[in-house]
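Colleague: Got a predicted model here, sequence first, then my questions.
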Amino acid sequence: MAATVALPLGPWIEFQRKRPLMIGADIAGFVTLISVPIAAAFGTLTFAHLCVVAVVQALCAMVFRSASQPNLKSLVPPELLMSANSRFETTAWTAQSVGSPLGGLLVSVLGATASMAVDATSFLLSAVGVSRLQSPEPTPPQRTAPRHLRREIVEGLAFLLGHRTLRMLFVNSVVFSGGVLMSTPLLAVLMLRDLGFAPWQFGLALGLPCLGGVLGAAVAPSVSLWFGSDRTLLAFGFARTGWLGLVLLAGPSTVGLAVIIAAEFMLLFCAGIFNPVFTTYRMSVTPDHLMSRVVTTWSVGTRLVPPLFILAGGAVATACGTRTVLAVAATVIASSSLFLPWRARPAT
């Protein structure tokens, strides 16, 4: 639902100043998230309330992303974009590796709803950080024709689908993320139920591999410099697709746990290199006056399609079992490499 609402927001974001939108998205995220522990304290929290919060949170995340990438592009010289995106990617993976165990600790100490109040403050801190940017924000693109929502949406979509390399990378992203999302909930079932691992071991398998993403993102600028962005995209776009199959070999032992952690670590290491190189490429080839629309369209596509993979995975798991679905997910992830731009050099 949030994705469909976000699509017409892309043209609107395009022609507005980006930092106020980022701050507004953060504040809206804070207000909606803090409403959960408040409602719980008064005994009025409902499932419908949680659904609304989830939709608004997703919408705020897409608005923030659609505004932040054009803002970053305006702040950073082209030769430093790779380094900047690498740092953002490193920060994201660090947050994931630290956030899961920290969140578990907060829940155990404070309870689930009270922990959400702590999480809500992170949005305020983000808003403060954006507001403290000292460099002046460039004037946003100006419309050259009267506003026409459908035409402006189509312009972003047409550029994305008309650019052969971006189109292929978009399909690659949708298929890859669909396979990963299909496997993620079933990995918990495999480890906790089928293999009998303890919850702390599952938490270990969830948190440790994120360090692979941190390491990959940290070395991405050097790897891209050594091999070129085109070869790096192809090599690590392909290399990230083969690791999930190793999980199927894991047994209920320490060795099996090590296999799962190693497979997930390598997948995220390769993704950690691929992601900032890809983001930098997309920013460099997209015209400034289309950045927000292209990013919004991309976000909508990658949020609308992958949940269909989750539904399919659940149906197959019910009929055929966990390992069968993980094998299907591994095949889907591997198939995403078919949509890498093998015939066109990404840097051109």
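Modeller: Structure's in. What do you need? Residues are numbered from 1 along each chain as shown.
Colleague: element containing residue 311?
Modeller: Here residue 311 sits within helix 306-320, counting by DSSP states H and E.
Colleague: just checking, what packs against that helix?
Modeller: helix 164-189, helix 322-335 (3 or more Cβ pairs under 8 Å, 6 or more residues apart in numbering; DSSP states H and E). The C-beta positions use only the backbone N, C-alpha and C, and glycine is treated the same way.
Colleague: export the ones you listed to a markdown table and tack on mean pLDDT, mean neighbour count and distance to residue 279?
Modeller: Shown next, in a markdown table, are those (pLDDT from 0 to 100; neighbours: other Cβ atoms under 10 Å; distance: least, Cβ to Cβ, whole Å):
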| stretch | mean pLDDT | mean neighbour count | distance to residue 279 |
| --- | --- | --- | --- |
| helix 164-189 | 90 | 20 | 10 |
| helix 322-335 | 90 | 20 | 20 |
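Colleague: one step back: what's the average pLDDT for the helix holding residue 311?
Modeller: The average of the pLDDT scores along helix 306-320 is 78.
Colleague: which residues are contacting it?
Modeller: Identification of contacts with helix 306-320 by Cβ atoms under 8 Å, 6 or more residues apart in numbering yields 174, 177-179, 181-183, 185-186, 189, 324-325, 328-329, 332.
Colleague: how does it look with 7 Å?
Modeller: In this structure, residues lying in contact with helix 306-320 by Cβ atoms under 7 Å, 6 or more residues apart in numbering are 174, 177, 178, 179, 181, 182, 186, 324, 325, 328, 329, 332.
Colleague: Can you say which of the helices and strands packed on helix 306-320 is nearest to residue 64?
Modeller: helix 164-189 (18.8 Å; Cβ to Cβ).
Colleague: next structured bit after the closest one?
Modeller: Criterion used, DSSP H and E; the element after helix 164-189 is helix 199-207.
Colleague: buried stuff in that following helix?
Modeller: 201, 202, 204, 205, 206, 207 (16 or more other Cβ atoms under 10 Å).
Colleague: Name the nearest of those residues relative to residue 164.
Modeller: Among the buried residues of helix 199-207, and counting by Cβ to Cβ, the member closest to residue 164 is residue 206, at 37.0 Å.
Colleague: Tabulate the helices and strands packed on helix 306-320 (CSV), appending distance to residue 42.
Modeller: Below are the helices and strands packed on helix 306-320 laid out as CSV (distance: least, Cβ to Cβ, whole Å):
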stretch, distance to residue 42
helix 164-189, 32
helix 322-335, 40
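Colleague: now the one helix or strand residue 216 maps to: mean pLDDT?
Modeller: Under the criterion of DSSP H and E, residue 216 resides in helix 210-227. The average pLDDT within helix 210-227 is 92.
Colleague: cool, stretch 138-155 as well?
Modeller: Stretch 138-155 comes out at a mean pLDDT of 76.
Colleague: Make residue 1 into 43 and carry on from there
Modeller: Okay, residue one is now 43; in that scheme the one you just asked about reads as stretch 180-197.
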